[in-house]
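[1] Show me the folded form of this:
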Amino acid sequence: MSAITGEILTFSQEKGPDVKLRVFGDEFYSRYENLDGYTVVYDVDLGRFCYAYLFKGEFVSSGVDLSHAPPEKIWRHLKESEQVRNAKFETRYAKMNPPVPPYQPIATIRTYGPNKGLLEGRRLSEGNIKGLTILVQFKDVKSTVTREDVDNMLNGENYTENGNFCSAQEYFRLMSGGKLNYTNEVVGPVTLSKNRRYYMNHLLVEEALDLAIASGVDLKKFDSQDEGIVDAINILYAGQTQYIGELWPHNYFLELRRDSMKTHFYMLSSLGRSKEDLSIGTFCHENGHMLCRWPDLYDYGTRDGDFEKSSGLGYYCLMSAGNHNDRGRTPSPVCAYLRYLVDWCDNVVCLDKPGEYQAVHGEYNKVLIFESRKPNEYFLIENRSQLDLDKDIPSSGLAIYHCDILGSNEWQGGTPTNHYQCGLLQADGHLDLETNRNMGDEMDLFKETAATAISHSTMPSSNLWDGSESGLTISNISTPGHIVTFQVGTYGVSPAIQAVTPGIEEKGIPKHAELIKIIEDAQVKIDEGLEKLRAIA
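    Modelled structure (predicted):
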């Protein structure tokens, strides 16, 4: 979704001037502080943001607005209790998935389970899909963005306006290898009956939809499966993004019946004040949920027992924080893991034999996979050099993902039972993404090296989540670029050792850990000897 971690944003007040607040959270749960660090809440009765007290673990308004000094005996950086946070989170998160039919297993709110790593609900990740995009104005807030501007951003060919890398249609076509042709019919703007402040606490979707229908929209045009269901509804409201209440960008389920048609998933986000605000990042992120049922690959900070956030895949995936790259104009690609889940990768290369392989940047219909003995757990390799859509990611080189469809990116603990669904094995071994130190840094990806980059004994390692060996060893990685080559070994044996020990399998020698350790120790001694010879020479 659209997570914010300490960003300073401007908020309007019904009965006061705009205020700048520091925001923490997402559309499921959020809290706000003024620039001095005092927690604030919006007091509906006063029409202003006020300093917050904690009462029985929950924020309440002090009745003192931010134009005054904070009340006595009030502390900075207050947080609600775990129980209150969870209750508020669960209430909003329940809106994300459709009701579970009685013949299916009970739905889980986590991102693992019966859908093989995807979220519950109807998936539309292939074919010609047409969405309905409704432009919305408020009684008191308008935008100079035109229908034609948005149509170009969503459907344009070779679209680069305002610095965007491509249009939304081109983005999904590129990511899917041509399997998903997602276009949108743009209508409006329609003008709502109330001021913007009202819709922070009242969902505007139904009113906007009825105004669009009254203008002549036929919902049957947006039913690609001929099931009486609108495939996708996108609502873009005038003005800057409001990271509060029902105006926080989100993708939820809502069933509204209109004649023979009913709605299913919708997406709501901002339109901006002018054409210069248009960017494709958040639109693509939310439609990734709506069409492909991709989960968020970051930690919401609740439900996993530790109440701490982690960064997941950070800036390296559209469905983590990558939708914000380059201010949303050059969003990160969808990572190989999520493309693989929705069958967008027809070209599957299994890294099950020793040898040299190559990863070509931008081959989004291809996946390099090392399968473990567990069908739900595997490793994916991807070239993430800083080119094209990857130009704004923090690092450049070879990405190695540890994947388990039974995991969850809320579980950063790294234990056999609580671990990521898709984790980036950071080359420096610092676990910055898991510990929320950053959203990625220049040392995350594997760069040029002749040594063993990853094996059962490196940090990070290629071991499975239960601590046992997976058998994956990678070495001899070339420099970042359009093509990155690398060597795959076998069960911790480096390519150099394999070259001088042919026929090890044919001779019936077991690949036990003890033998592997002996061989690797021998390799270390050989390397040390070579270094001494070079020094002498």
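
[2] just checking, residue 11 is part of a strand?
    Yes. According to DSSP: H, G, I helix; E, B strand; the rest coil, the state of residue 11 is that of a strand.

[3] burial measure for it, as a count.
    Residue 11 has 18 neighbouring residues, counting by other Cβ atoms under 10 Å. Just so you know, the C-beta spots here come from the backbone N, C-alpha and C atoms, and that holds for glycine as well.

[4] beta partners for it?
    Beta-bridge partners of residue 11, counted by DSSP bridges, are residue 19.

[5] could you measure it against residue 245, distance?
    Per Cβ to Cβ, to the nearest Å, residue 11 is found 11 Å from residue 245.

[6] same question, residue 426
    36 Å.

[7] ok, these two, which is more surrounded?
    Each of residue 426 and residue 245 has its neighbours counted (other Cβ under 10 Å); residue 426 has more, 23 against 15.

[8] unless I'm mixing things up, the more buried one is touching residue 460, no?
    Yes. Counting by Cβ atoms under 8 Å, residue 460 is a contact partner of residue 426 at 6.5 Å.

[9] Could you tell me which residues make contact with the closest residue to residue 421 other than its chain neighbours?
    Distance criterion Cβ to Cβ, 6 or more residues apart in numbering; nearest residue to residue 421, sequence neighbours excluded, is residue 407 at 4.0 Å. Residue 407 makes contact with 112, 419, 420, 421, 422, 465, according to Cβ atoms under 8 Å, 6 or more residues apart in numbering.

[10] pretty sure residue 407 is in a strand, no?
    No. Under three-state DSSP, residue 407 sits outside any strand and is assigned coil.

[11] where do the helices sit along the chain?
    Per DSSP state H, the chain carries helices over the ranges 82-93, 147-155, 168-175, 205-214, 281-292, 336-341, 495-500, 513-536.

[12] rank those helices by mean pLDDT and give me the bottom one.
    Among the helices of the chain, helix 495-500 has the lowest mean pLDDT, at a mean of 43.

[13] Could you list the low-confidence segments of this protein?
    1-2, 100-115, 301-308, 490-537 (pLDDT under 70).

[14] Domains in the chain, by residue range?
    What the record gives for the chain is the domain set 4-93, 127-292, 314-509, from automatic domain parsing.

[15] would you list those in a markdown table and tack on distance to residue 119?
    Below are the domains of the chain laid out as a markdown table (distance: least, Cβ to Cβ, whole Å):
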| stretch | distance to residue 119 |
| --- | --- |
| domain 4-93 | 11 |
| domain 127-292 | 7 |
| domain 314-509 | 11 |
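
[16] Out of those, flag the one nearest residue 298.
    domain 314-509 (4.9 Å; Cβ to Cβ).

[17] for the closest one, the distance to its chain's centre please.
    On the basis of Cα atoms, centre = their mean, to the nearest Å, domain 314-509 sits 17 Å off its chain's mean C-alpha point.

[18] ditto for stretch 34-48
    Relative to the chain's own centre, stretch 34-48 is displaced by 30 Å; criterion: Cα atoms, centre = their mean.

[19] end-to-end on that stretch?
    End-to-end distance of stretch 34-48 (Cα to Cα, to the nearest Å): 13 Å.

[20] Show me where the stretch 201-350 of the chain has its strands.
    233-238, 250-253, 257-258, 261-262, 265-272, 347-350 (DSSP state E, counting those that start in this stretch).

[21] Alright, I will stop here.
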